[in-house]
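Visitor: what shape does this take:
(one chain, ligands or ions: 1)
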Amino acid sequence: MLNSYKLTAATLINKDEMNSAGKLTYPEHIVVVMDGNGRWAKKRMLPRTAGHHAGVKSTRNIVEECVKAEIRALTLFAFSSENWQRPEQEVSSLMSLFISTLQSEVSSLHKQNVRMRFIGECSAFSEKLQDKIHQAEELTQLNTGLQLNIAVNYGGRWDVAQACKSIVEKVQAGVLQIQDVNAEMVDQHVCLSDLPAPDLFIRTGGEQRISNFLIWQIAYTELYFTDALWPDFNSEAFLTALNWFALRQRRFGKTGEQVDTSNVASHS
Ligand code: FPP
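Guide: As a prediction, this is how the structure comes out:
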């Protein structure tokens with residue numbers, strides 16, 4: 001059972017030591033719905049786009065925290081397949097923001113050994129944005145630090161559907177047999193199949209819903225909701241979420257007693 005050790009920036013740096021003591025569990029893979037940019041701007045009588053700009057600063061900071069904490073993977077929901085329904089002006093300003101953010105951030109991310117990947121239907125974007133996406137992926141592909149996944153024009157139902165399509169194609173081609181199709185097989189065909197399933201799901205902005213993000217992958221993920229608006233989600237708020245996660249008992253269908261016993265055995 002995890003104790004109530006309080007996480008601080010200093011303890012994060014010492015994560016291996018803490019883990020071997022059996023005191024803390026760090027998420028290997030964190031996924032985030034960065035919600036609340038619009039409300040942050042509205043509170044300040046600013047246009048919604050100002051909220052998205054402030055959101056980029058928050059994103060930069062959380063990525064840096066993940067690098068410091070040696071988190072293996074961070075997946076961010078930057079634009080959902082449903083976000084096209086927003087006012088045209090907001091969509092186009094978000095597209096410009098993605099381009100300018102990639103322009104300004106990628107070299108710094110590369111220096112931090114971050115590997116970038118985009119998930120979703122990128123073909124719907126302008127050629128310019130698609131080029132920036134490919135350049136970022138190509139430049140950082142050999143990096144071995146934080147795996148940063150950015151979901152753009154992504155929807156969880158689309159992801160499950162594209163996995164099904166790809167399995168059906170393999171069955172039709174005779175590469176797979178219908179009786180081989182099971183949950184593990186679907187797992188191997190959804191996005192991020194090469195990474196551990198998300199351990200921690202964070203949603204800022206006060207809503208308590210999944211909004212079609214990684215619906216297959218988060219079957220056993222711990223869900224953390226905070227009222228903080230994304231531009232206000234600072235290092236301290238992030239550490240609070242990690243601390244909250246460290247106190248979860250993850251049972252994966254087992255009883256609490258079974259989990260306690262196996263933890264004692266694995267640390268003795
Ligand atoms: C949701 O807040 C936020 C978005 C749809 C955009 C998120 C994008 C960023 C934070 C920029 C990050 C950039 C990169 C390249 C990763 P909302 O507008 O729905 O807020 P509201 O619920 O208060 O209206």
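Visitor: enumerate the residues of the stretch 51-200 of the chain near the ligand.
Guide: H52, G55, V56, T59, L76, A78, N83, F98, T101, I150 (C-beta under 6 Å from any ligand atom). (Glycine included, C-beta is placed from N, CA and C.)
Visitor: need the residues you listed in TSV with neighbour count and pLDDT, can you?
Guide: Formatted as TSV, these follow (neighbours: other C-beta atoms under 10 Å; pLDDT from 0 to 100):
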residue	neighbour count	pLDDT
H52	24	97
G55	25	98
V56	20	98
T59	22	98
L76	20	98
A78	22	98
N83	17	96
F98	23	97
T101	19	98
I150	23	98
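Visitor: of those residues, closest to the ligand?
Guide: G55 (2.9 Å; C-beta to the nearest ligand atom).
Visitor: low-confidence stretches in the stretch 1-150 of the chain?
Guide: Along the stretch 1-150 of the chain, segments meeting pLDDT under 70 span 1-24.
Visitor: helices along that one, start to end?
Guide: Here the stretch 1-150 of the chain has its helices, by DSSP state H, counting those that start in this stretch, at 9-13, 15-20, 37-43, 48-68, 88-111, 127-140.
Visitor: out of these, nearest to D227?
Guide: helix 37-43 (10.5 Å; C-beta to C-beta).
Visitor: contact partners of that closest one?
Guide: 47-52, 54-55, 205, 229-232 (C-beta atoms under 8 Å, 6 or more residues apart in numbering).
Visitor: how about stretch 227-234: buried residues?
Guide: By neighbour count on 16 or more other C-beta atoms under 10 Å, the buried set for stretch 227-234 is A228, L229, W230, P231, D232, F233.
Visitor: and the ligand, which of those contact it?
Guide: Within the buried residues of stretch 227-234, those near the ligand by C-beta under 6 Å from any ligand atom are W230.
Visitor: so which pair among the buried residues of stretch 227-234 is furthest apart in space?
Guide: A228 and P231, at 9.0 Å, using C-beta to C-beta across the buried residues of stretch 227-234.
Visitor: what do these two both touch?
Guide: The contact sets of A228 and P231 overlap at G36 (C-beta under 8 Å, 6+ apart).
Visitor: quick revisit: so can I have CSV of the helices of the stretch 1-150 of the chain showing distance to L247?
Guide: What follows is those, written out as CSV (distance: least, C-beta to C-beta, whole Å):
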stretch, distance to L247
helix 9-13, 14
helix 15-20, 13
helix 37-43, 28
helix 48-68, 19
helix 88-111, 31
helix 127-140, 33
